[in-house]
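Enquirer: Kindly generate the corresponding structure for this input.
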Amino acid sequence: MSSDDGPRMFQDQLAEKVRPFIDLVDDMRSIGIDKELPLPAIAVVGDQSSGKSSVLEFLSGVALPRGTGIVTRCPLLLKLCNDRTVKWEAVISYGEKYRHEFEEPSEVVRHVEQAQNSLAGKGVGICDDLITLKITSSTVCDLSLIDLPGIARVAVKGQPDDIGVQIKNLIMKFIKNKITIILAVVPCNVDIATTEALKMAQEVDPEGTRTMAILTKPDLIDPGAEKNVLEIVHNKVIVLNMGYVIVKCRGQKKIDENMSITRAIEEELEFFENHEHFRSLLREEKATTKCLATKLSNALVKHIKKSLPQMSETIKERLGEVKHLLSQIEGGPPMEPEEKRKYLIQVITDFNDQITQLSKGDIIVEENLFVLMRKEFTEWMECLKNSKSHYHEVVQQVVDEYDEKHRGSELPGFSNYRVFQNVVQKLVAELKRPAMTTLQTIRDMVQKQFDHLSKESFKNYPYLHQVSMKRIETIQEKQSNIVKERIVEQFEMEMQVYTQDEIFNKHSRKEGTEDGSDHDTRSKYPGLLKAYYEIVVQRLADQVPMLIRYFILKQSAKIVCSEMLDLLHRDDTDNILQEDSEIGEYRAKLHAQVDRLIQANDKISSLRECDVLSVTKFRDVAKNRNMLI
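Expert: Here you go, the predicted model:
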């Protein structure tokens, strides 16, 4: 092995340690895991004209869109992949389907501008849809970062008045993620404390634990201000745990002169080597874009490694949640006709079982139906009790006024039975209205719970849901009319003013009307009629609820089940089991989520296994390299 092979192999091993972790996050983002959980990333933030584009050009080795105002109008994920076997190639992708490969670096600007126009429209609008640009080359470092629109303070011609707010909101969407590294680009020739980029970074990262700053334009600082810049770089002004790096990129004059990025990188190194105050920063590895690239790669990998356990845990939790949601709508009708009929039988049987259980009080839907009915029947009973006092008052009034209004030629002590019969009939007839009100209330209550069962049982099958709802309503209407007729019949029977003598005498004794020395027998009538009314109240108190409960709940449930079973005799099973399109789409979405999460989980597991092996391999290569040196 030659003396050059050792360092080269060592560098290859370094790449092997870095690339898999960056690829992991890039792959997870490409399959859409960023919709499920936040992913580690480097977000580049800077004021307009801060030198942000120049830094990214140095890192990527290609020219990016430039101009005045808003140049970056969509977040741009820049994926840099070092590969010694490839001269240069790129892939740009955005939206759900667009993907284009090209091999000419000069086409980058055109493709990025085309992507921005497609997503954000032509002009100066912005959009938070991500554009991905993957560049593979032998000259780039292994790194992925997200370029965000430059911070604008004042809207210019053609821009909406709130453009500054829009841009800040977009930037915040990315940097508020606690596992995002914030890369703040700040010119050396301005007051660092007043830059919007660092202000926004401090807002979401007040401790400075995940912020790194790049100082640009060191050639433009005023003479004598170098010491101030050194204090900033040495973390003595605004403390950032990830520190500062100072770089010198191409100025506009050099760009106009078509200075190549390669030559600009060489000039950058010469600048720092020859600078009286900044040359020391080279030794401290705090200057040049080459140093920046290394720091960013290492920082990103370290950040990814630190985040992996929590990411893995979150993915597993989310996978469990999605599988549970999927289990609730999983399956659907089978394809084979015979199996489909069996499935229909099962679906209808399950619904009928629930309706039957509901009618017996064995299951509770939303609220306990029997508790609700009991409350209504109790109110009916209260209505009857309240009517007794009114009844007693009227009876006593009739007795008191009998001589004046009803007495004919008869002597005192003789009275007209029909007068009192009419009183009973009139007052009992007044109870018909509250009886009908109770019926309607119970009917609404039962129908609501039947409808709820239909919705839950057939939520995937709109035809079954529609048919069952229609039949429930029709049956309830029919049963309600039957109960109305029975209640009318009941009240018509009450008009007969009848009860068995034994029953009446029993109640009369309670009213104390059997004995008495008063010659005027009319004095006993209030007690006798009160006794009879007690009998009427007892009959109605039970009879009306029994009629309602039997026909509206029990019989209705039985008829609903029977009519639903009639569907099994039809031949259009496919039509009956036609699924709601939204359910199918939702199921497909959940399946896609499961697939994404399983892929992500497998990738993390594989990386952990490979990392253990690569650490051992890397140590062996490092040991051999030291021996060669």
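Enquirer: C-alpha from now on. contacts and neighbour counts both.
Expert: Fine.
Enquirer: remind me which residues of the stretch 401-550 of the chain are low pLDDT?
Expert: Scanning the stretch 401-550 of the chain for pLDDT under 70 picks out the ranges 401-417, 419-420, 510-526.
Enquirer: element containing Leu37?
Expert: Assigned by DSSP states H and E, Leu37 belongs to no helix or strand.
Enquirer: can you list the domains in the protein?
Expert: If you go by automatic domain parsing, the domain ranges for the chain are 1-16+580-629, 40-305, 337-578.
Enquirer: Which one of those lies nearest to Glu317?
Expert: domain 1-16+580-629 (9.9 Å; Cα to Cα).
Enquirer: most tightly surrounded among the domains of the chain?
Expert: domain 40-305 (a mean of 18; mean count of other Cα atoms under 10 Å).
Enquirer: Mind jotting down where the strands sit in the stretch 1-150 of the chain?
Expert: Shown for the stretch 1-150 of the chain, the strands assigned by DSSP state E, counting those that start in this stretch span residues 41-46, 76-82, 88-94, 98-102, 131-137, 143-147.
Enquirer: helices or strands up against the last one?
Expert: This means strand 143-147. On a contact count with 3 or more Cα pairs under 8 Å, 6 or more residues apart in numbering; DSSP states H and E, strand 143-147 meets helix 5-30, strand 41-46, strand 76-82, helix 289-329.
Enquirer: Adding distance to Val108 and mean pLDDT, write these out as a markdown table.
Expert: What follows is these, written out as a markdown table (distance: least, Cα to Cα, whole Å; pLDDT from 0 to 100):
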| stretch | distance to Val108 | mean pLDDT |
| --- | --- | --- |
| helix 5-30 | 20 | 67 |
| strand 41-46 | 19 | 93 |
| strand 76-82 | 12 | 92 |
| helix 289-329 | 20 | 89 |
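Enquirer: Tabulate these in a markdown table, adding columns for distance to Lys122.
Expert: Below are these laid out as a markdown table (distance: least, Cα to Cα, whole Å):
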| stretch | distance to Lys122 |
| --- | --- |
| helix 5-30 | 26 |
| strand 41-46 | 23 |
| strand 76-82 | 17 |
| helix 289-329 | 33 |
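Enquirer: Find the centremost residue of the chain, please.
Expert: The structure's the chain has its C-alpha centroid closest to Glu36; by Cα atoms, centre = their mean the separation is 11.0 Å.
Enquirer: ok, so what distance separates that one from Arg486?
Expert: According to Cα to Cα, to the nearest Å, Glu36 and Arg486 sit 60 Å apart.
Enquirer: And Leu528, by the same measure?
Expert: 28 Å.
Enquirer: Ser581 too?
Expert: Note on Ser581: its distance to Arg486, by Cα to Cα, is 45 Å.
Enquirer: do Ser144 as well
Expert: From Ser144 over to Arg486 the distance is 80 Å, taken as Cα to Cα.
Enquirer: thinking Met242 is in contact with Glu207, fair?
Expert: No: if you go by Cα atoms under 8 Å, Met242 and Glu207 don't touch, sitting 11.0 Å apart.
Enquirer: Mind listing the shared neighbours of these two?
Expert: The contact sets of Met242 and Glu207 do not overlap (Cα atoms under 8 Å, 6 or more residues apart in numbering).
Enquirer: wait, what's in contact with the residue nearest to the centre of the chain?
Expert: Residues near Glu36 by Cα under 8 Å, 6+ apart: Ile315, Arg318.
Enquirer: Tell me the confidence at it?
Expert: You'll see Glu36 listed with a pLDDT of 83.
Enquirer: and it, what are its phi and psi?
Expert: phi -100, psi -40 (degrees, to the nearest 10).
Enquirer: From Ile179, how far off is it?
Expert: For Glu36 relative to Ile179 (Cα to Cα), the value is 14 Å.
Enquirer: Determine how far stretch 90-103 lies from the middle of the whole chain.
Expert: How far stretch 90-103 lies from its chain's middle: 30 Å, per Cα atoms, centre = their mean, to the nearest Å.
Enquirer: quick one: average pLDDT of that stretch?
Expert: Here the average pLDDT along stretch 90-103 is 92.
Enquirer: And for stretch 218-233?
Expert: Rounded mean pLDDT across stretch 218-233 is 91.
Enquirer: repeat for stretch 342-349
Expert: Stretch 342-349 shows an average pLDDT of 92 in the prediction.
Enquirer: Same question for stretch 562-578.
Expert: Stretch 562-578 comes out with an average pLDDT of 89.
Enquirer: distance between the ends of it?
Expert: Distance between the two ends of stretch 562-578: 22 Å, counting by Cα to Cα.
Enquirer: hmm, back to that, do you know which of the helices and strands packed on strand 143-147 lies nearest Val55?
Expert: That would be helix 289-329 among these, by Cα to Cα, at 7.3 Å.
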